[in-house]
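[1] I need the structure of the sequence given here:
(one chain, ligands or ions: 1)
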Amino acid sequence: MKNIGLPQLSQNRIARKKELWSILASLMFLYGIYEKFVPYHFHKLVRKYIQKFIGFMSPYMHITFPESVSRQCLQRSDAYSCILTYLSANSLENSKRLKAEVVANSQTPLVLTMEDAEEIEDKFQGVKVWWFSHNTPNDSNDKIYLTLTFHKNYRELITTSYIKHVLEEGKAIKLKNRKLKLYTNNPSNDWWKPRSSKWSQTTFEHPATFETLAMDQEKKEEIIDDLIKFKSGKDYYAKVGKAWKRGYLLYGPPGTGKSTMISAIANFMNYNVYDLELTTIKDNNELKRLLIATSSQSIIVIEDIDCSIDLTGQRTKDEKEDKDGNGKESNVTLSGLLNFIDGIWSACGSERIIIFTTNFVDKLDPALIRRGRMDKHIEMSYCSYQAFKVLAKNYWDNDSDHVLFPIIQKLLGEVNMTPSDVAESLMPKSNTEDFEACLKNLIQSLESVKKKEEEEAKKKEVQLKAMKANGKSAEEVKDNGAIY
Ligand SMILES: Nc1ncnc2c1ncn2[C@@H]1O[C@H](COP(=O)(O)OP(=O)(O)OP(=O)(O)O)[C@@H](O)[C@H]1O
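    Numbers count the residues shown, from 1 in each chain. Coordinates of the predicted model:
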């Protein structure tokens, strides 16, 4: 009988299929054993190496950005949200795919989110990249991650230029879109308008940041660290049973940057500012009403607290009358203010910073500024060499050293000059004035202050000698202001 069986080719195919099935069955069997008997932590390791191997073989590379409140992110105004803002703004298609969620009590009410496992394509200098959003189930923090995928050939371009471009563009768009508010309780100057115990508001647009704030780097970092700790401290405050708020006392001579620091904090934290004018508040009840009307994520500021009201209750009625004779009177008391800061009413909101500023810290009632109430006391001092370098960068974009810098460094060590005065010297007075001319102006100002200080010291020394010669006591000499 003639062989009419399957042709040779088909038989080979069947044999190969059988082989494949048996390999598959063996692999499944081995996987079952691996799953059952190999410890879990070892699984993770194996997965990691498999992923590494696949990554090594693949022509594509991945970079992952977590949704975090890390120090660096905050300084870059949150890398994760900068990327989403960039993606949303840069393509019509992307903006359709990104969801805008409304977040209550937030300065940025619209928060962009990307669907889990969604992919967005972008192009940079002709190179295609893909952004991919995903959760990591193993991550106990339940964070969302953005992964950037690109071809290995463009590694240099993407890791240096593209990411920088995305972050900068995203940050710029965010800054443009963000609108912080400045509230004030200062009543209108128009006499016909009724006096109101409410806040009036305007847009807060101060450009100060920690980068442009002239102060020693170490001190600056300490404040930034403190703010970050506060911002991410919701659970901590709940755990220790404390209202989620923090008090800062900024003290130092006029022109050392206390108001500038407040603006830098507001911009850094993205908080609204409530500028509280105590002298216009009738009594403690009005103060309470104003407090209740403030929102969370805000900074309540009382500037020049030493001049605001009588906080010791010893001022006479005559003194309360203002210079124009308006009879403007404030019955806000120290206890009212203490209640405002940390009494029961202060718990009506959360995530709030209270800032007092003063030029005379010694004048303040210790109860008002004790730690726990004013948690951090920050001295804003005269311009140091490091602070001067920040100002040189702000005003002249100068990062490098200059031959005149050592002279300035020496003079700043000998003379007390406020950052405000240093900044004034660094500002060009005409179109022809360049950086060097401004540095010379500064040296001149520093030298004239130094000369004045030396002359005054000499004068006081002569005075002192004369008084001593006249038989005056040490106390009397001191009272007369001589250096003793
Ligand atoms: N530390 C600083 N960094 C940057 N700029 C500063 C600094 N200090 C002062 N300046 C500049 O000087 C100006 C005045 O500073 P600012 O009003 O912040 O000082 P202040 O300490 O609040 O003064 P006052 O006690 O009189 O209210 C600001 O507009 C700013 O340009």
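
[2] any idea which helix or strand comes after the helix or strand hosting Arg246?
    Under the criterion of DSSP states H and E, Arg246 resides in strand 245-251. As assigned by DSSP H and E, the chain's next helix or strand after strand 245-251 is helix 258-269.

[3] do that following helix and the ligand meet?
    Yes - interface with the ligand: helix 258-269 contributes Lys258, Ser259, Thr260 (C-beta under 6 Å from any ligand atom). Yep, even glycine has a C-beta here, placed from its N, CA and C like the rest.

[4] buried subset of those residues?
    Among these, those buried by neighbour count (16 or more other C-beta atoms under 10 Å) are Lys258, Ser259, Thr260.

[5] Same list (the residues you listed) but as TSV, adding pLDDT.
    Listed next are these as TSV, based on pLDDT from 0 to 100:
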residue	pLDDT
Lys258	96
Ser259	95
Thr260	95
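
[6] so which of these comes closest to Gly336?
    Lys258 (23.7 Å; C-beta to C-beta).

[7] ok, now which ones touch the closest one?
    Leu250, Tyr251, Gly252, Glu303, Thr357, Met380 (C-beta atoms under 8 Å, 6 or more residues apart in numbering).

[8] so which of these are also by the ligand?
    Near the ligand, by the rule C-beta under 6 Å from any ligand atom, you find Met380 out of those.

[9] can you tell if the helix or strand Ile407 falls within touches the ligand?
    Per DSSP H and E, Ile407 falls inside helix 405-414. No - against the ligand, helix 405-414 shows no contacts by C-beta under 6 Å from any ligand atom, the least distance being 13.4 Å.

[10] Contacts for that helix, please.
    Defining contact as C-beta under 8 Å, 6+ apart, one finds that helix 405-414 is touched by Cys383, Ser384, Tyr385, Phe388, Leu439, Leu442, Ile443, Leu446, Glu447, Lys450.

[11] If you average pLDDT per helix and strand, which one of this protein comes out bottom?
    helix 71-75 (a mean of 41; mean pLDDT, DSSP states H and E).

[12] Distance of the closest residue to the ligand within the chain relative to Cys383?
    Going by C-beta to the nearest ligand atom, the ligand is nearest to Gly257 of the chain, at 2.6 Å. From Gly257 across to Cys383, the span is 9 Å (C-beta to C-beta, to the nearest Å).

[13] Compare neighbour counts for those two and give me the winner.
    More crowded of Gly257 and Cys383, by other C-beta atoms under 10 Å: Cys383, with 27 against 23.

[14] Can you tell me which residues in the stretch 101-250 of the chain are near the ligand?
    Counting by C-beta under 6 Å from any ligand atom, the stretch 101-250 of the chain sits next to the ligand at Leu213, Ala214, Met215.

[15] re the thing from before, okay, the contacts of Lys258 in a markdown table with pLDDT and neighbour count next?
    Output for the contacts of Lys258, formatted as a markdown table (pLDDT from 0 to 100; neighbours: other C-beta atoms under 10 Å):
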| residue | pLDDT | neighbour count |
| --- | --- | --- |
| Leu250 | 95 | 24 |
| Tyr251 | 95 | 23 |
| Gly252 | 94 | 19 |
| Glu303 | 92 | 18 |
| Thr357 | 94 | 22 |
| Met380 | 95 | 23 |
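
[16] Correct me if wrong, but Asn431 is in a strand.
    No - Asn431: not assigned to a strand; according to DSSP: H, G, I helix; E, B strand; the rest coil it is coil.

[17] Let's see the pLDDT reported for it.
    Note on Asn431: pLDDT of 82.

[18] Ramachandran angles for it?
    phi -70, psi -20 (degrees, to the nearest 10).

[19] Ok, Ile299 next?
    Phi and psi for Ile299, reported as degrees, to the nearest 10, are phi -120, psi 130.

[20] Isn't it up against Ile355?
    Yes - if you go by C-beta atoms under 8 Å, Ile299 and Ile355 touch, sitting 6.0 Å apart.

[21] okay, and the common contacts of the two?
    Ile262, Ile265.

[22] ok, back up a step: JSON lines please, covering the contacts of Lys258 and showing distance to Asn394.
    As requested, these are exported to JSON lines (distance: C-beta to C-beta, whole Å):
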{"residue": "Leu250", "distance to Asn394": "20"}
{"residue": "Tyr251", "distance to Asn394": "23"}
{"residue": "Gly252", "distance to Asn394": "19"}
{"residue": "Glu303", "distance to Asn394": "23"}
{"residue": "Thr357", "distance to Asn394": "22"}
{"residue": "Met380", "distance to Asn394": "17"}
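
[23] where's stretch 369-387 relative to the chain centroid, distance-wise?
    17 Å (C-alpha atoms, centre = their mean, to the nearest Å).

[24] Pull out the buried residues from it.
    Applying 16+ other C-beta under 10 Å to stretch 369-387 flags 369, 373-376, 378, 380-384, 386-387 as buried.

[25] ok, now stretch 169-178?
    Applying a neighbour-count criterion of 16+ other C-beta under 10 Å, one finds Glu169, Gly170, Lys171, Ile173, Lys174 buried in stretch 169-178.

[26] Now do that stretch: distance to the chain's middle.
    That offset, for stretch 169-178, works out to 15 Å (C-alpha atoms, centre = their mean).

[27] before we move on, back to that, so for the buried residues of stretch 169-178, which is the shakiest by pLDDT?
    Lowest confidence among those: Lys174, with 75.

[28] Kindly check the end-to-end length of stretch 265-282 for me.
    End-to-end distance for stretch 265-282: 29 Å, by C-alpha to C-alpha, to the nearest Å.

[29] For it, the averaged confidence score.
    89.

[30] quick one: that stretch to chain centroid distance?
    Using C-alpha atoms, centre = their mean, the offset of stretch 265-282 from its chain centre is 16 Å.

[31] next one: stretch 198-205
    With C-alpha atoms, centre = their mean, you get 20 Å for stretch 198-205.

[32] List of residues touching it?
    Under C-beta under 8 Å, 6+ apart, the answer for stretch 198-205 is 179-186, 188, 263, 266, 272-274, 290, 293-294.
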